[in-house]
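Colleague: dropping a prediction and its sequence here:
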Amino acid sequence: MSSNRILTMSRAGREALDWEMERRDDIFCMGEDIYKFGGIFGTMDGFGAKYGPERVISTPISETGFIGMAAGAAMAGMHPVIDLAYIDFIGVCYNVLLNTASKTHYMSGGAVKVPMTLLIGTGGGYNNAAQHSQCLHATVAHIPGAKVVYPSNAYDAKGMLHTALRDENFVIFLTHKGTAGVGWMGTPIKTTLSEVPDTPYEVPFGKVKVYREGTDVTIVGLGMSVHESLKAADELAKDGISAEVVDLRSLVPLDRDGIMESVSKTGRLIVTDEDYLSYGVSGEIIASVVERDPTVFKKPPVRVTTPDIPIPFARPMEQAILPLAQRIADAARKLMA
Amino acid sequence: MTLTPELRRSFFEKMALSRAFDDAMIALYWEGKLPIFAFGAGPLPGELHCSNGAEPVGAGVCGALSADDMITADHRPHHIAVCRGVDLDRMSAELLGKKTGLSQGKGGHMHIYDPAVNFASSGIIAEGMAPAAGMALARRLQKRPGIAVTFMGEGAANQGAFHEVMNMVGLWKLPVITVVQDNEWGVSTSKSESTAVDRNSDRAAGYGMAGEYVDSNDPDDIYEASVRAVKRARDGLGGTILELKTARLAGHFMGDQQGYIPEQMKQADPIPVYRAKLIRDGVITEAEADAIQAAATERMAKAMQFAKDSPYPDASEAFDHVFAA
């Protein structure tokens, strides 16, 4: 008998990892402070005591070293789960992502697999300034050979982590810090919580999820921007504007057809993205629609993103530059005008 | 693990085969590249980093390993691959970018993978170190036998990855042998211009592990030092930085004229040196030495013929293997 509970993303993800680790010897965890702290999102909460230091390895502050080791362990038949805490830290280990974990299967002509799951927290909004607030998902999604997924709610967090742990590839598993439902980020956002079955299930990569149906304008987002879009949609409904909110859920693979389907219906597109404006996901989404059929647009598409500036510290500046609900709603009203 | 005459003879055979491999590849490399040199021209395109001079490292270290052990190499992998027993035909085909290559033409000479003999290489400096340590960690978790050996040049010891990985290998007493091949040169930068200490093996103390330097480029000495390092690893005493003085006779890559190397720093070819030593020691005769070298050339000619006769992959295959299905 399975039963559903309302969980945070953090607890839901933990459940998936725990279930897989109980049954599979090939999974082990590595990361800074995970043995005592249980990972940045509590994904490994209590695992130190349960699985011991051999399978829950707290590492020195050596991301190049331990993520490279994880890649080697994966080549040797393990499935490491790595906690990299903040995506801002990819600078110190990017070579492993760029040249080893993502390319070994290809460069070996399929002879060597690198199954590993890299858990990373993204995003700002809590005044942690320019080096601890970035999203950078486009920076990792740009690497061929890495899958990049980005659940925005508890149901998807559990199902997509099951999927990642059973995938034979390198999966970068992103979670916006503000959506995870961890204590240090305050009260969980209601729309991140979901009913979660206590039994295992997979959510496949590469399918968008229509969070809220609408007919006037499509708002595409991912991670935190989904929830800001939902807030905006509530506001817009008061003005009689019907917004459809589409959660990308996965950047690689990307469900371009799913996006097209929604825009074909509404004829108006806002892409909202907490990553930087230029050379990123927002441009990619718009290009995907334009390549399929530019005539679907009743109005030119709009991007609501973090501008091309470092994330400022002071709250008035930070809140003004993030793609929050107010900016999204304003953009939608303009599109409808 | 004693240095028997049979073992020494096998070192010479492997060194000769490795040299035959590189000589055949060098000969082919210039096809289509003269009189105007271009990396992308000819039947063997791309950069080519040959191992001429470093054969004693491959023979001596690989001679001390067993089938369960795992190797990661760098952008100059031929001598280690040949001495490890990587499939010679398929490795040759891979250098030529053929469908029958180890990676079906997706790797080229810096990216040699042969899981049958636990061999992998990476073209990024020091990037094989952490995977080697991870392979050793995997075997520890799997409770399966096998130590890991990572090969690199002396220039790689100044990469950040070196410090991070050595610290963790020392901290966790992982069975990892780090073979630093000191050929004096990181492209055109000499060791004395790049490295704060004379010997990288001295850095081992900072990581709580053993360090050993072998200054002869002789496979007998390299083998004996490797046996000591392998024993420490298998006995649970952890890793070793094994630095081996060796030679880089063909430059950083083909086309490197090496004008930056002064006359007094010219390096000796270890193959005639070892040949003379074995003859002097009564291990082989002149005639046997000739026969070994001729057999190596002949074997390599067969591998090259296999490579040349093999088809290229279809362009559409570029889209295969991005992800495991």
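Modeller: Happy to help now that I have it.

Colleague: shouldn't A:E261 be within a helix?
Modeller: Yes - A:E261 sits within a helix when classified using DSSP: H, G, I helix; E, B strand; the rest coil.

Colleague: where's it relative to chain B, distance?
Modeller: 24 Å (CB to the nearest CB, to the nearest Å). To be clear about C-beta, it is placed using only N, CA and C from the backbone, and glycine gets the same treatment.

Colleague: okay, now that residue: neighbour count?
Modeller: By other CB atoms under 10 Å in any protein chain shown, 14 other residues sit near A:E261.

Colleague: over to A:D167?
Modeller: 19.

Colleague: what do you get for B:G32?
Modeller: 15.

Colleague: skipping adjacent residues, who's closest to it in space?
Modeller: B:G42 (2.8 Å; CB to CB, 6 or more residues apart in numbering or on different chains).

Colleague: next up, the contacts around B:G63.
Modeller: For B:G63, the contacting residues are B:7, B:10-11, B:14, B:83, B:219, B:223, B:226, by CB atoms under 8 Å, 6 or more residues apart in numbering or on different chains.

Colleague: what about B:E286, how many residues nearby?
Modeller: Per other CB under 10 Å, the neighbour tally for B:E286 reads 10.

Colleague: quick one: contacts for the residue nearest to B:G32?
Modeller: B:G42 neighbours (CB under 8 Å, 6+ apart): B:28-33.

Colleague: any idea how far it is from B:K308?
Modeller: 13 Å (CB to CB, to the nearest Å).

Colleague: and for A:E32?
Modeller: A:E32 is 51 Å from B:K308, where distance means CB to CB.

Colleague: and those two? which has more neighbours close in?
Modeller: A:E32 (19 against 13).

Colleague: wait, doesn't the more buried one sit right on A:F89?
Modeller: No - counting by CB atoms under 8 Å, A:E32 stays clear of A:F89, with 9.3 Å between them.

Colleague: mind checking the SS state of A:T305?
Modeller: Put simply, A:T305 is strand when judged by three-state DSSP.

Colleague: same question, B:I241
Modeller: Going by three-state DSSP: B:I241 is strand.

Colleague: list the contacts of it.
Modeller: Neighbouring residues of B:I241 by CB under 8 Å, 6+ apart: B:166, B:178, B:180, B:200-201, B:203-204, B:207, B:209-212.

Colleague: buried only: go through those for me.
Modeller: B:166, B:178, B:180, B:200-201, B:203-204, B:207, B:209-212 (16 or more other CB atoms under 10 Å in any protein chain shown).

Colleague: phi and psi next, for the residue nearest to B:G32.
Modeller: When read as degrees, to the nearest 10, the backbone of B:G42 gives phi 90, psi 180.

Colleague: give me the pLDDT for it.
Modeller: Each residue has a pLDDT score; the one for B:G42 is 94.

Colleague: distance of it from A:V217?
Modeller: From B:G42 to A:V217 the distance is 57 Å (CB to CB).

Colleague: now the strands for the stretch 1-150 of chain A?
Modeller: Using DSSP state E, counting those that start in this stretch, the strands of the stretch 1-150 of chain A run over A:4-7, A:27-31, A:56-58, A:79-86, A:116-122, A:147-149.

Colleague: again, but for chain B
Modeller: Counting by DSSP state E, chain B has these strands, from start to end: B:70-73, B:119-121, B:148-153, B:176-182, B:185-186, B:189-190, B:210-214, B:240-245.

Colleague: among those, which comes closest to A:D239?
Modeller: strand B:119-121 (59.3 Å; CB to CB).

Colleague: tell me what that closest one is packed against?
Modeller: strand B:70-73, helix B:78-84 (3 or more CB pairs under 8 Å, 6 or more residues apart in numbering or on different chains; DSSP states H and E).

Colleague: so what's the residue count around residue 41?
Modeller: As the question left the chain open, I've gone with chain A. For A:F41, the neighbour count with other CB under 10 Å is 26.

Colleague: wait, chain B was what I had in mind.
Modeller: Neighbours around B:A41, by other CB under 10 Å: 15.

Colleague: ok, it - contacts?
Modeller: Contacts of B:A41 (CB under 8 Å, 6+ apart): B:32-33.

Colleague: tell me how far B:A59 lies from chain A.
Modeller: 25 Å.

Colleague: does B:I261 really touch B:T189, like I thought?
Modeller: No - using CB under 8 Å, B:I261 is not in contact with B:T189; the gap is 11.7 Å.

Colleague: need the strands of chain B in a markdown table with mean pLDDT, can you?
Modeller: Below are the strands of chain B laid out as a markdown table (pLDDT from 0 to 100):
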| stretch | mean pLDDT |
| --- | --- |
| strand B:70-73 | 98 |
| strand B:119-121 | 98 |
| strand B:148-153 | 98 |
| strand B:176-182 | 98 |
| strand B:185-186 | 92 |
| strand B:189-190 | 93 |
| strand B:210-214 | 98 |
| strand B:240-245 | 98 |
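
Colleague: so which residues of the stretch 101-250 of chain B form helices?
Modeller: All helices of the stretch 101-250 of chain B, identified by DSSP state H, counting those that start in this stretch, fall at B:129-142, B:160-171, B:191-194, B:219-234.

Colleague: which of those has the lowest mean pLDDT?
Modeller: For those, mean pLDDT drops lowest on helix B:191-194, to a mean of 94.

Colleague: flag every residue of the stretch 101-250 of chain A that's near chain B.
Modeller: A:104-113, A:115, A:144-145, A:147, A:168-169 (CB under 8 Å from any CB of the partner chain).

Colleague: just the ones in helices from these, please.
Modeller: A:104-107 (DSSP state H).

Colleague: read off the pLDDT value for B:Q258.
Modeller: B:Q258 is assigned 89 on the pLDDT scale.

Colleague: which non-adjacent residue is nearest it?
Modeller: With sequence-adjacent residues excluded and distances taken as CB to CB, 6+ apart, B:Q258 is closest to B:G251, at 4.8 Å.

Colleague: so where is chain A shaky, pLDDT-wise?
Modeller: A:1 (pLDDT under 70).

Colleague: quick test: name the residue nearest the centre of it.
Modeller: Central residue of chain A (CA atoms, centre = their mean): A:Y150, 2.2 Å from the mean position.

Colleague: and chain B, by the same measure?
Modeller: Centre-nearest of chain B using CA atoms, centre = their mean is B:I80, 3.2 Å out.
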